[in-house]
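# Sharing a model prediction with you, sequence too.
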Amino acid sequence: MRVGMATHVGKVREVNEDSIGRQGSLLVLADGMGGHNAGEVASALVVERVLALEAEGSDFKAELVSTLKDANHALLEYASAHQECSGMGTTVVAVKIETERICVAHVGDSRVYHWHKGLLIQLTTDHSLVGELVRSGGITEEQAKNHPQRHILTRALGTPGDIEIEYAEYPLAEGDRLLLCSDGLTVMLSHEEIFTILSLDHSPQEIADYLVKVANEKGGTDNISVIVAFL
């Protein structure tokens, strides 16, 4: 497996509140939110906790879901103890790559894409208001990019109560490619543009850097983070 990672503050924001990381075959990306640097604190805390996971095989789902729920409580406790971080939260996508399958857990609107034999499929569901509107047929994907409520999440870490973690497993094959990304990429690039770049005959790092470059060239209205993996 070859992996490339890139993150950038973008052209508009002053602080990069995204966090990314890798530990072996475990990949994680989080897009934080909150006042001051609170989003940066939230995303970094969650990424650190996920990367500390050591579970393998059949125990991984339970361990990952438990870790994300614990991270949710940790965010609430931190925000309670640090007034400047009140209301902070984060999305998260965590991917464990195994021999013939991928384990995916996520909360929020950061995404995982799977490139297989020239087809690109979005594996995750956006936990956002506009995501629900798109799924119900109320608006199109293109309209969602400029919707005034596009930043409203219906699910995120940092939320009181028992957070629901979406988890699924998918088959993998040699030659497949994976993309984890924050919405700073998907608001700027269409599905077709992402597919074209992910299909290039370049290294994962070159593709990760190029995705960020193109998103910035198109406006870079948010922090942009990507992880690209070649199987």
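That came through fine.
# Nearest residue to Gly87 in space, ignoring adjacent ones along the chain?
Nearest residue to Gly87 in three dimensions, chain neighbours excluded: Gly34, at 5.6 Å (C-beta to C-beta, 6 or more residues apart in numbering). Heads up, the C-betas are built off the backbone N, CA and C, glycines and all.
# swap in Lys218?
Residue nearest to Lys218 in three dimensions, not counting chain neighbours: Met188, with 4.4 Å by C-beta to C-beta, 6+ apart.
# Show me the strands in this structure, by range?
Ranges of strands in the chain, per DSSP state E, are 2-8, 18-23, 26-33, 89-90, 92-97, 101-107, 111-116, 119-122, 166-171, 177-181, 224-230.
# between the third one and strand 111-116, how big is the angle?
Think strand 26-33. Here strand 26-33 runs at an angle of 140 degrees relative to strand 111-116 (axes from the mean of the first three to the mean of the last three C-alpha atoms, to 10 degrees).
# ok so, going back, deepest in the core, which of the strands of the chain is it.
Comparing the strands of the chain by mean neighbour count (mean count of other C-beta atoms under 10 Å), strand 89-90 ranks first with a mean of 30.
# can you pull out the helices in this protein?
For the chain, the helices defined by DSSP state H occupy 38-51, 60-81, 129-135, 141-145, 183-186, 191-198, 204-217.
# right, and the ones you listed - which one's nearest Ile20?
Closest approach to Ile20 among the helices of the chain (C-beta to C-beta): helix 38-51, 6.9 Å.
# list the helices and strands that closest one packs on?
Packing contacts for helix 38-51, counted by 3 or more C-beta pairs under 8 Å, 6 or more residues apart in numbering; DSSP states H and E, involve strand 18-23, strand 26-33, helix 60-81, strand 89-90, strand 92-97.
# that older thread, now the helices of the chain in JSON lines, with distance to Thr90, mean neighbour count and mean pLDDT?
Below are those laid out as JSON lines (distance: least, C-beta to C-beta, whole Å; neighbours: other C-beta atoms under 10 Å; pLDDT from 0 to 100):
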{"stretch": "helix 38-51", "distance to Thr90": "4", "mean neighbour count": "23", "mean pLDDT": "95"}
{"stretch": "helix 60-81", "distance to Thr90": "7", "mean neighbour count": "17", "mean pLDDT": "92"}
{"stretch": "helix 129-135", "distance to Thr90": "17", "mean neighbour count": "17", "mean pLDDT": "65"}
{"stretch": "helix 141-145", "distance to Thr90": "21", "mean neighbour count": "14", "mean pLDDT": "64"}
{"stretch": "helix 183-186", "distance to Thr90": "12", "mean neighbour count": "26", "mean pLDDT": "95"}
{"stretch": "helix 191-198", "distance to Thr90": "22", "mean neighbour count": "17", "mean pLDDT": "97"}
{"stretch": "helix 204-217", "distance to Thr90": "20", "mean neighbour count": "19", "mean pLDDT": "98"}
